[in-house]
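> Got a sequence here, can you model it:
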Amino acid sequence: MNSVCLNWKNISLIPYENKYYNFIFDCYQDFSARNLFTSDISIRTKKEFWNIFNNKINTYYHEFMIALNNNGNIPIGFINSFDYNSNDGYLNIAIFIEKKYRKTIFPLEIGLVFLNYLFSRYPIRKIYCTVYNYNTDSLNFLKKAGFSLEGELQKHKYFNGEYHNMKIFVLYRDKLEEISNKFKYRI
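The predicted structure is shown next:
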């Protein structure tokens, strides 16, 4: 895990600290949004969740950062990378933003800051992000942010009475400068 704080216009990304555990726990308890960022839909006590999450922080997540609104340093979401493969040069990312911030500039800023950080710090060629076809906000965000559709797993997840496809998006290192310029991202 890192110790770097990343800032841009409206947001900051900071490394996960235990003081944000209640925020993370509450996000996982929001059953209206949980299906957007995790396939783990088990109901757990706070203690059970703590043990599982702590284990993931130490073994599964490559980077895990809390997204703060710079106006008051209020947590508004989190972003993480996982399945880092240094030999083949790729990793996966996942992001969660609280509902009231999803249609703002915040997700784009969080994504750009994190992508730039990952590409500048690690020898990766590409970054993957998967999303289910019912998650239209994320689908639109990934397309707007410059990710391209690389594949689709048919009827991959059962949710809300039916099976849904999982789309696999990718962003290659050589597209990052173009995207950063498009959104005038500079630190």
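
> can we go C-alpha only for contacts and neighbour counts from here?
Fine.

> Show the residue spans covered by the strands in this protein.
6-8, 11-15, 61-69, 74-85, 90-97, 126-132, 148-159, 162-172 (DSSP state E).

> could I get those as a markdown table with distance to residue 23 and mean neighbour count?
Converted to a markdown table, the strands of the chain look like this (distance: least, Cα to Cα, whole Å; neighbours: other Cα atoms under 10 Å):
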| stretch | distance to residue 23 | mean neighbour count |
| --- | --- | --- |
| strand 6-8 | 19 | 17 |
| strand 11-15 | 14 | 22 |
| strand 61-69 | 10 | 22 |
| strand 74-85 | 8 | 19 |
| strand 90-97 | 12 | 21 |
| strand 126-132 | 23 | 21 |
| strand 148-159 | 25 | 13 |
| strand 162-172 | 27 | 17 |
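
> With respect to residue 116, which of those lies nearest?
strand 6-8 (10.2 Å; Cα to Cα).

> quick one: strands adjacent to the closest one?
Using DSSP bridges, strand 6-8 pairs in its sheet with strand 11-15 (antiparallel).

> so residue 85 makes contact with residue 91?
Yes. Under the criterion of Cα atoms under 8 Å, residue 85 makes contact with residue 91 at 6.0 Å.

> hmm, back to that, reformat the strands of the chain as CSV; add distance to residue 51 and mean pLDDT.
Below are those laid out as CSV (distance: least, Cα to Cα, whole Å; pLDDT from 0 to 100):
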stretch, distance to residue 51, mean pLDDT
strand 6-8, 28, 79
strand 11-15, 19, 93
strand 61-69, 14, 95
strand 74-85, 18, 96
strand 90-97, 20, 95
strand 126-132, 26, 95
strand 148-159, 26, 93
strand 162-172, 28, 95
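
> May I see the ones you listed arranged in a markdown table, with distance to residue 104 as well?
Output for the strands of the chain, formatted as a markdown table (distance: least, Cα to Cα, whole Å):
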| stretch | distance to residue 104 |
| --- | --- |
| strand 6-8 | 15 |
| strand 11-15 | 12 |
| strand 61-69 | 11 |
| strand 74-85 | 12 |
| strand 90-97 | 10 |
| strand 126-132 | 19 |
| strand 148-159 | 22 |
| strand 162-172 | 21 |
